[in-house]
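> Sequence plus the predicted model coming up.
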Amino acid sequence: MTHWTTLRASLVGISVFMLGQALYVAFSNHEPLRLILLCTPSFAALISAYLAPHWKIFIGISMAIYGTIIGELMACIYEYFGGHVDRIGDTGTTFIILFTYNMTLSIIGSILGIVLSQKIIGSYDE
């Protein structure tokens with residue numbers, strides 16, 4: 001079994017988030033898929049919290065920070081290539097709204113990741 005460190009768990013979560021953002025931009029014409037991809041912060045937090053050996057809730061919730069930065073960068077890239085980006089106020093306001101959204105979903109994903117890791121680890125201990 002692979003020995004997971006907190007850094008590896010964070011990098012896997014960031015990779016999941018980047019993949020979700022890239023797919024969201026790539027499939028901008030497919031609304032049902034885009035709705036599923038809006039849950040990417042939860043998926044990233046779930047996987048990182050599940051894989052982290054220590055500080056599971058912190059690692060999962062940290063996906064909100066990374067997700068906000070990646071989301072803002074992806075919006076700038078998408079806008080640069082001619083896509084329409086709905087801005088809510090200036091960059092700071094958009095950053096705060098993205099952070100709140102990502103934090104909410106990261107908390108949900110972190111809790112699910114912790115619960116799943118406890119159930120699976122607990123079943124082997126018995």
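Arrived safely, thanks for sending. Numbers count the residues shown, from 1 in each chain.

> Does residue 53 touch residue 5 like I think?
Yes: with contacts counted by CB atoms under 8 Å, residue 53 reaches residue 5, the gap being 6.9 Å. (Each C-beta comes from the backbone N, C-alpha and C, glycine too.)

> if I pick residue 6, what's in contact with it?
52, 53, 54, 55, 59 (CB atoms under 8 Å, 6 or more residues apart in numbering).

> Setting the sequence-adjacent residues aside, check what's closest to residue 116.
residue 50 (5.6 Å; CB to CB, 6 or more residues apart in numbering).

> Near the one you found, how many other residues are there?
By the criterion of other CB atoms under 10 Å, residue 50 has 24 neighbours.

> my guess is it meets residue 111, correct?
No: judged on CB under 8 Å, residue 50 makes no contact with residue 111 at a distance of 11.0 Å.

> show me where pLDDT drops low in the protein?
Residue ranges of the chain with pLDDT under 70: 1-4, 120-126.

> would you list every one of the helices in it?
Counting by DSSP state H, the chain has helices at residues 6-26, 31-37, 40-51, 56-61, 63-80, 91-125.
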